[in-house]
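K.L.:
Show me the folded form of this:
(chains A and B)
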Number of protein chains: 2
Amino acid sequence: MANVEESRDQDYISVDHMALKSWVTEVFCKLGVPREDADVTADVLVAADLRGIESHGVARLGRYTSRLMKGLISPVANPVIVRETSSTALVDGNNGLGQPVAMWAMQLAIDKAREVGSGTVAVRNSNHYGIAGYYAMMALEHDMIGMSLTNSSPLVVPTGGRKAVIGTNPIAVAIPAGKERPWVLDMATSVVPRGKLEVYARKNKPMPLGWAVDETGQPTTDAQRVLDALTARLGGGILPLGGTALFSGYKGYNLSVMVDLLCGVLPGSNWGPKVDEPVDGKLVPSRVGHFFWALRVDAFRPIDEFKQEMDDYIRMLKESPKAEGEDRIWVAGEKEWELQEEYSREGVPLYYKVVETLRGIGQEVGLPFDAMVLGAGHSTGMA
Amino acid sequence: MANVEESRDQDYISVDHMALKSWVTEVFCKLGVPREDADVTADVLVAADLRGIESHGVARLGRYTSRLMKGLISPVANPVIVRETSSTALVDGNNGLGQPVAMWAMQLAIDKAREVGSGTVAVRNSNHYGIAGYYAMMALEHDMIGMSLTNSSPLVVPTGGRKAVIGTNPIAVAIPAGKERPWVLDMATSVVPRGKLEVYARKNKPMPLGWAVDETGQPTTDAQRVLDALTARLGGGILPLGGTALFSGYKGYNLSVMVDLLCGVLPGSNWGPKVDEPVDGKLVPSRVGHFFWALRVDAFRPIDEFKQEMDDYIRMLKESPKAEGEDRIWVAGEKEWELQEEYSREGVPLYYKVVETLRGIGQEVGLPFDAMVLGAGHSTGMA
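P.N.:
Numbering: from 1, shown residues only, chains lettered A, B, ... in the order given. Next comes the predicted model:
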């Protein structure tokens, strides 16, 4: 999360998440997206900001709107089942917005799990779907375990390579608990997200050695150089989880490939360097793929017994002895739940440059951001 | 793999893998294991050595035989289905050897996938099952994708902690290809395996900072200190994949927890620090759990089309530009396939100390190792 290195007090503007979501919904509606789909897409984007994952929140709105305006994403999502068994389905997203397509596909996985214990759905021909964890968490209210994977544009260099040919391809898994909050993992398979490099580049600070490599494949501390070379597809990029070979970076590299094989090759989507690759210098539809999986807990154990033991597990982690200098062991998703509660109550902090971008989008589509979001009552102005 | 730092020429003895497997089978039979189960268990152990994963091969035989002799593992595996849906099952391993229990459970997952597209089987009350990849690879001949997870004794320290409360809990995934070899990931979720620390301890060499922490939770280069503290359960241990927080070690920590939740909590097995925890100073059955998953490829795409695109993917990786100083990008499983071919042909190298241990076991059960394995014809003597 970029906020770690930013000075939130000065550079962030706090907005009401409901007002923000309404405005984002209206923006999508203006661009021809049916209200129901606009609502889903806005909900996923704002959920990211609420959970502190600002790299995947409304900061990305411009990417969606410009692609909708250019006809690169179909405004009306029309996912269809191409092949099906009682526990699996292949879905074609028909180039709709990733969020409504993904929500529909994960719901299908949940429905199948309700019937036969587990449901696995792979999706082709889709678009960026926001935070992977959103869809995994859909399983929670059904007392199911959920998993959500997606592939993404090439930013990550395989171990031994010097070119980014795989994505930051995230893995998200959500598991229900009882009195404790659900356990929710939502992680990129790279050592850090691209946003982290952007923070170092903005501040002109050397980044830690082991996050990225330059065009020759050597580790570098120059974040701007890596970002420039990535944009120009010259080579270099982010290292996979684990970083260099000494720390088993090949494991992160292969986790990224695993996600790509399940999301790209299995459903017949784009994969590897083909994701978001311009054709004749022009942008074309992303054709990314997703992979969803839902598993009924009570196919294995009574749900109450399971949830109680999940609580025991989570408490075991929290109560485990701390390293000297540390006062807390975090459980997956815990930071995000805490931020979600805080930001729901006190407003979502948006980086001032993000607010500038949103103002621009608002002007373009005729939905003034300041009047509709900042003037929406409580939680406005500087944080 | 420990062999990286060892001098193979001097310290290894090459043996015929068929002779080795026969001898291991006989050892298990002597201890009351039915021949069929003995054969399976020997096959999984020798497969690890053939694939170069010596930490999980016959070097571990003593652990199995001593537990069988002490009555801590039931010699007759009798796995039973406790709960079942058309796509899922909970299996009780009844404290049998992990290998025959796991093979039976993975076969059940494959059978379910054949019927309904996917099969998910969680196992409780089992024992150490050897290499995770063995069971994932069982899916390949059925043109399915296979996954195999297991939890294991606590060796890994969660981010922010100073005590090993989670295992090296591996993730294995096997995906069929066409002309290329299948893609097989088999990785511990720790930054390195325990065996790697043992190599540095044996050589009295400082290990890289970022592999392990001492009893206070601080990174250390002293491998022997970490191993001693782990054995005495004093604290400290191996770091999760990613290492320290700077390199996103919390991702590896949470991947390890994910495996533990699916293998431990879901089926109702032991988990976390309870795995292999002595009771009143005495060893008790491990009660580890496993998790298997099989997915029919042709539920999503025609198998030939899929395999061809897997080949394209694998070639994309291999042909991707190399970092300066690197001449190869490895594909998951490729090293293991190459070793398997070499060692099948020319003999499996066993570390001389492992051979000493095997001789001891042979004397104990009345099956002389030298006569039955080293004297078995070709590929004997020093490598």
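K.L.:
What separation do you get for the closest residue to residue A:270 other than its chain neighbours and chain B?
P.N.:
Take residue A:270 and drop its neighbours on the chain: the residue closest to it by C-beta to C-beta, 6 or more residues apart in numbering or on different chains is residue A:287, 4.1 Å away. All C-beta atoms are positioned from the backbone trio N, CA, C, and that covers glycine. Using C-beta to the nearest C-beta, to the nearest Å, residue A:287 is found at 14 Å from chain B.
K.L.:
What about residue A:287, how many residues nearby?
P.N.:
By other C-beta atoms under 10 Å in any protein chain shown, 21 other residues sit near residue A:287.
K.L.:
now the strands for the stretch 51-200 of chain A?
P.N.:
Here the stretch 51-200 of chain A has its strands, by DSSP state E, counting those that start in this stretch, at A:80-84, A:88-92, A:118-126, A:144-150, A:171-175, A:183-187.
K.L.:
just to revisit the earlier point, quick one: contacts for the residue nearest to residue A:270?
P.N.:
Residues counted as contacts of residue A:287 (C-beta atoms under 8 Å, 6 or more residues apart in numbering or on different chains) are A:95, A:124-126, A:269-270, A:274-275.
K.L.:
sorry, back to before: out of the strands of the stretch 51-200 of chain A, which is closest to chain B?
P.N.:
Chain B sits nearest to strand A:88-92 of all these, at 3.6 Å, using C-beta to the nearest C-beta.
K.L.:
Measure how far that closest one is from the centre of its chain, please.
P.N.:
From the chain centre to the centre of strand A:88-92 is a distance of 21 Å (C-alpha atoms, centre = their mean, to the nearest Å).
K.L.:
pLDDT averaged over that strand - what is it?
P.N.:
Per-region confidence: strand A:88-92 scores 98 on mean pLDDT.
K.L.:
go on, stretch A:166-186?
P.N.:
On average, stretch A:166-186 scores 98.
K.L.:
Could you list the buried residues of that stretch?
P.N.:
Neighbour counts over stretch A:166-186 (16 or more other C-beta atoms under 10 Å in any protein chain shown) mark A:166-178, A:180-186 as buried.
K.L.:
distance between the ends of that stretch?
P.N.:
End-to-end distance for stretch A:166-186, by C-alpha to C-alpha, to the nearest Å: 18 Å.
K.L.:
Number of residues surrounding the closest residue to residue A:187 other than its chain neighbours?
P.N.:
Closest residue to residue A:187 apart from its sequence neighbours, by C-beta to C-beta, 6+ apart: residue B:251 at 4.7 Å. As a burial measure, residue B:251 scores 26 neighbours (other C-beta under 10 Å).
K.L.:
before we move on, what about residue A:22?
P.N.:
18.
K.L.:
Could I get the buried residue list for the one helix or strand it maps to?
P.N.:
Secondary structure from DSSP states H and E places residue A:22 in helix A:17-30. For helix A:17-30, the neighbour count (16+ other C-beta under 10 Å) marks A:17-30 as buried.
K.L.:
if I look at residue A:353, how far off is residue A:62?
P.N.:
For residue A:353, the distance to residue A:62 (C-beta to C-beta, to the nearest Å) stands at 11 Å.
K.L.:
hmm, back to that, would you mind giving the buried residues of helix A:17-30 as TSV with distance to chain B and pLDDT added?
P.N.:
Shown next, in TSV, are the buried residues of helix A:17-30 (distance: C-beta to the nearest C-beta, whole Å; pLDDT from 0 to 100):
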residue	distance to chain B	pLDDT
A:17	26	97
A:18	31	97
A:19	33	97
A:20	28	98
A:21	29	98
A:22	34	98
A:23	33	98
A:24	29	98
A:25	33	98
A:26	37	98
A:27	33	98
A:28	30	98
A:29	34	98
A:30	36	98
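K.L.:
Could I get the pLDDT score of the residue nearest to residue A:270?
P.N.:
Reported pLDDT for residue A:287: 97.
K.L.:
ok so, going back, can I get the strands of the stretch 51-200 of chain A in CSV with distance to residue B:346?
P.N.:
Shown next, in CSV, are the strands of the stretch 51-200 of chain A (distance: least, C-beta to C-beta, whole Å):
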stretch, distance to residue B:346
strand A:80-84, 45
strand A:88-92, 43
strand A:118-126, 41
strand A:144-150, 40
strand A:171-175, 39
strand A:183-187, 41
